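Peer 1: Predicted model, plus sequence, below.
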Amino acid sequence: MANPVIQIRNLWTQFGQFIVHQDLNLEVQQGEILSLVGGSGSGKTTLLRQMLGLETPTRGSVHVFGEDISGDGGRRQSLRNRWGMLFQHGALFSALTAFDNVAQPMRELHALPEDLIRDATLLKLDMVGITPKDALKMPADLSGGMVKRVALARALALEPELLFLDEPTAGLDPDLSESFVALIRGLHQQLHLTVVMVTHDLDTLFALSTRIAVLAEKRVIAAGTPEQVIAIPHPFIQQFFLGERGKRALEVLRS
């Protein structure tokens, strides 16, 4: 098997006396969509931020593309250019148009002439279903679904190999959620992306996940395909996946 894109070893996260993660281990393989799930306070978002290098664990290691994410600033920045991040609420710059939000990461590199940035930006927006007319709008004038699509285009601006998604369908109605899931699935295949996703939405989870990692008891208690994970007789897993919503989502997956 190829080296993992992300490798987390013996990770501890502690805030004062409160321990969030304790000897947590996890690997993310190239080309998969790995979903992180867990109850409130299980440390999903904290773990995601540690993969991004935004937080440092108390001890243990996080390697991305074979490099320690806590390394020197120059190396960390070069690593960050190899991934994209879709934040839960889009996190678009409110003072910039949709076009300029997507162009911003390319402009920050100071490596491309403006005409190439324009063409690349319009291409990314087209990939997510945003027209040139809508590209001129400010974020406040976009619908929730369009904000997500523009934010996804921005996450893809630098041709990343790795994509992080934080609650990608949160706040979307069922129809918009379904179309956004289809968009992510298509881009994952088209661009050969590796994806790490945090979600509590079971429909999104089952529709997209290659594997699921379940956080509970301060560690990863299970990691495998959806079918493998839901077969584990752990109380949290049974409660989370096999309630009424979970059963409905599973029926759709199996149909």
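Peer 2: It's in.
Peer 1: Give me the nearest residue to residue 150, chain neighbours excluded.
Peer 2: Leaving aside its chain neighbours, residue 150 sits nearest to residue 98 (4.5 Å; criterion: CB to CB, 6 or more residues apart in numbering). Just so you know, the C-beta spots here come from the backbone N, C-alpha and C atoms, and that holds for glycine as well.
Peer 1: Now do the contacts for that neighbour.
Peer 2: 92, 125, 130, 134, 135, 136, 137, 138, 139, 142, 146, 150 (CB atoms under 8 Å, 6 or more residues apart in numbering).
Peer 1: average model confidence for the longest helix that the chain contains?
Peer 2: Secondary structure assigned by DSSP state H gives helix 174-191 as the longest helix of the chain. For helix 174-191, the mean per-residue pLDDT is 93.
Peer 1: Packing partners of that helix?
Peer 2: helix 144-155, helix 202-208 (3 or more CB pairs under 8 Å, 6 or more residues apart in numbering; DSSP states H and E).
Peer 1: Beyond the shortest one, next helix or strand please.
Peer 2: For helix 202-208, the following helix or strand on the C-terminal side (DSSP states H and E) is strand 211-216.
Peer 1: Adjacent strands (with direction) for that following strand?
Peer 2: Neighbouring strands of strand 211-216 in its sheet, by DSSP bridges, are strand 33-38 (parallel), strand 219-224 (antiparallel).
Peer 1: of all those, which gets the most neighbours per residue?
Peer 2: When those are scored by mean count of other CB atoms under 10 Å, the highest mean neighbour count falls to strand 33-38 (a mean of 23).
Peer 1: Need the residues that contact that one.
Peer 2: 28, 44, 47-48, 188, 195-200, 205, 208-216, 240.
Peer 1: which helices and strands sit right next to the helix or strand following it?
Peer 2: With elements assigned by DSSP H and E, the helix or strand that comes after strand 33-38 is helix 44-51. Applying 3+ CB pairs under 8 Å, 6+ apart, we find helix 44-51 packed against strand 6-15, strand 18-28, strand 33-38, strand 59-64, strand 162-166, strand 194-198.
Peer 1: what's downstream of the fourth one, the next helix or strand?
Peer 2: Stepping forward along the backbone from strand 59-64, the first helix or strand reached (DSSP H and E) is strand 67-68.
Peer 1: tell me the mean pLDDT for the helix or strand that that following strand is followed by?
Peer 2: As assigned by DSSP H and E, the chain's next helix or strand after strand 67-68 is helix 73-80. What helix 73-80 shows for mean pLDDT is 72.
Peer 1: who touches helix 73-80?
Peer 2: 52, 53, 64, 65, 67, 69, 70.
Peer 1: Same question for stretch 175-182.
Peer 2: Contacts for stretch 175-182 (CB under 8 Å, 6+ apart): 144, 145, 148, 149, 168, 169, 172, 201, 203, 204, 207, 208.
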